[in-house]
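structure of the sequence below:
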Amino acid sequence: MGSGDLERSLGLFGTMMISMGAMIGSGIFVLPALGYKKAGPAVIVAYVLAGLVVLPAALSKAEMSTAMPESGGTYLYIDRAMGPLFGTIAGIGAWFSLVFKSSFALVGLGAYLVIFAEPLGGSLTLVALGLGAAVVVLNISGTELCGKVQAVIVSLVVVGLAAYTVNAGFVADFGRFAPADGFATHGTGGVVTAAAFVFVSYAGVTKVASIAEEVENPGRNLPLAMLGSLAIMTLIYVAVVAAVVGLSDAEVLKHGGPNGGASLTPMADGAAALFGGFGEILIAVVAVVALTSMANAGILSSSRFPLAMSRDSLLPAGLQTIDRRFKTPRNAILLTGGVLLLLIAFVPVVELAKLASAFQILVFSFENVAVITFREANLSSYEPTFHSPGYPYVQVIGLLGGLGLLTQMGAVPILGAAGIIAGGVLVYLVYGRSRTNRTGALGALRHGAAENEDVVDPAETD
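From the prediction side, this is the model:
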């Protein structure tokens, strides 16, 4: 299917709403308490720091998306830049990252639903599993939100968040942010650790690149949507997290969750003082809508990675099977959904958050390297209409910043990231290597000849 087969119908507003919609989820409704446990009130600084580390990757992906305004996103760019080995690693890493994020969102969604049904309090995992199965069925059935509906939902959620923060301004105790009261309770190290922990909050900022074929004037709208949504969401995160900290009891945030862990419903914890005493229920409703949309979009997006890799002969052909009735990649969705349900059932919720962030940091680091590869290979076909400012320093800073955050996450996430790399290498060697002879722009750079016949032209993405 060529790029001309899809209608470019998404303008700047719709594109930005999709990007913001992918970020309005667990980063707001679940992660603040987990971050607070690591950094205290300084968790607001952690969100800003995470956003700054994401910025280079957003600039890099904005550039690549204007050079290759086709479907495929992260996997496509890294594969075309660095070859199928790195493409396999990145594709599997991006897939795992979104699956972990969706799993975490569904656990958080279940926690907010428990507010409506207290008797289910001891069955949070079962609730999350049921929700996960329902979302998988919806994806197979072809049920998804169109751009206009997504824009309406995101707009309503943003209005709800604005009302929450404004109301909090009248009743919250913002004295907790005074340095004398222990602003950074775990020092600078705690802030950096919290930043690594909440990094996954920004994972959606570049997701619009996967629908680049359907964006009007992509050379203008894609960079504006990515960078604009990143700036707006950073401000929203800081405002909402400040309200959460100011409204809620510190001990509830740190120990109000399952088994005495951090709360999974931080926005509802102190909301009873808002909206005439109905704050808890209203916030729970907003959270359920936002997290459902995010989880559904996460499965929708993540299932397309094995589909794209199968089409490039890096994964078995069965994963590109399209359901005759619903016209959806049934096998890729079933694989994604099966892994999601296993994660919910057997992986502790805190580890889900850590692993999602770790894999996302790894993928964003690859994206910074991909831009450097394209630029240095000097391919005549690589002609982005947007150029990342500060090249290559911005990309190097983004790479080093991401790796620095990764080292703060503890042994399990680092081992998980290493496992993804090892798994990607194994899949490529066992299956993909004999079925493809591409080298990507890295091959041109390595051989010193951009016209190398084995190099895939970035414009040739079919």
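
what's the offset of stretch 294-304 from the middle of its chain?
Mean C-alpha position of stretch 294-304 versus that of the full chain (CA atoms, centre = their mean, to the nearest Å) differs by 10 Å.

next one: stretch 387-394
How far stretch 387-394 lies from its chain's middle: 23 Å, per CA atoms, centre = their mean.

going forward can the numbers begin at 593, since that is how I track them
Right, with 593 as the first residue, what we last looked at is stretch 979-986.

what about that stretch, average pLDDT?
What stretch 979-986 shows for mean pLDDT is 95.

check stretch 899-907 too.
When pLDDT is averaged over stretch 899-907, the result is 87.

what does stretch 674-692 give?
In this model, stretch 674-692 has a mean pLDDT of 87.

if I look at residue 734, what pLDDT would I see?
Looking at residue 734, its pLDDT stands at 53.

swap in residue 670?
pLDDT, residue 670: 91.

what about it, how many neighbours?
Neighbourhood size, residue 670 [other CB atoms under 10 Å]: 28. C-beta coordinates here come from the backbone N, C-alpha and C atoms, glycine included.

before we move on, what about the one 3 residues further on?
One way to gauge burial is a neighbour count; for residue 673, by other CB under 10 Å, it gives 30.

and residue 910, how far from residue 666?
Counting by CB to CB, to the nearest Å, the gap from residue 910 to residue 666 is 23 Å.

give me the more crowded residue out of these two.
residue 666 (29 against 12).

spatially nearest residue to the spatially most central residue of the chain (excluding sequence neighbours)?
Centroid check for the chain by CA atoms, centre = their mean gives residue 795 as the closest residue, at 2.4 Å. The shortest distance from residue 795 to any non-neighbouring residue, by CB to CB, 6 or more residues apart in numbering, is to residue 952 (4.8 Å).

just residue 747 next, same as before
Nearest to residue 747 is residue 609, by CB to CB, 6+ apart, at 7.2 Å.

neighbours of the one you found, how many?
For residue 609, using other CB under 10 Å, the count is 24.

flag the shaky bits of the stretch 843-992 of the chain, pLDDT-wise.
In the predicted model of the stretch 843-992 of the chain, residues 918 satisfy pLDDT under 70.

how about the helices of it, start to end?
Under the criterion DSSP state H, counting those that start in this stretch, helices of the stretch 843-992 of the chain are mapped to 858-861, 871-894, 896-903, 922-938, 941-969, 985-998.

only alpha carbons, please: show stretch 893-908 as CSV.
Provided in CSV are the C-alpha atoms of stretch 893-908 (Å, rounded to 0.1, in the frame of the first residue of the first chain):
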residue,chain,number,x,y,z
SER,A,893,-0.6,1.1,18.2
SER,A,894,1.6,-1.6,19.7
SER,A,895,-0.1,-4.4,17.7
ARG,A,896,1.0,-2.6,14.5
PHE,A,897,4.7,-3.1,15.4
PRO,A,898,4.7,-6.9,14.9
LEU,A,899,2.5,-6.4,11.8
ALA,A,900,5.0,-4.0,10.2
MET,A,901,8.0,-6.2,11.2
SER,A,902,6.2,-9.2,9.6
ARG,A,903,5.7,-7.3,6.4
ASP,A,904,9.5,-6.6,6.4
SER,A,905,10.2,-10.4,6.9
LEU,A,906,11.6,-9.9,10.4
LEU,A,907,8.8,-11.8,12.1
PRO,A,908,6.7,-14.8,10.9
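
quick one: contacts of it?
Stretch 893-908 has contacts (CB atoms under 8 Å, 6 or more residues apart in numbering) with 614, 663-664, 667-668, 671, 676, 679-680, 683-684, 686-687, 690-691, 694, 731, 799, 802, 909-912, 921, 924-925, 927-929, 1019-1020, 1023-1024, 1027-1028.

need the pLDDT of residue 647.
Looking at residue 647, its pLDDT reads 94.

correct me if wrong: it contacts residue 822.
Yes. Applying CB atoms under 8 Å, one finds residue 647 in contact with residue 822, separated by 6.7 Å.

with neighbour numbers in mind, choose between the two.
Using other CB under 10 Å, the more surrounded residue of residue 647 and residue 822 is residue 822, with 24 against 21.

tell me who's in contact with that one.
643, 646-647, 650, 794, 797.

narrow those to those that are buried.
The neighbour-count test (16 or more other CB atoms under 10 Å) marks 643, 646-647, 650, 794, 797 as buried among those.

any chance of these in TSV, plus secondary structure and distance to residue 868?
Formatted as TSV, the buried ones among the contacts of residue 822 follow (DSSP: H, G, I helix; E, B strand; the rest coil; distance: CB to CB, whole Å):
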residue	secondary structure	distance to residue 868
643	helix	34
646	helix	37
647	helix	40
650	helix	40
794	helix	34
797	helix	35
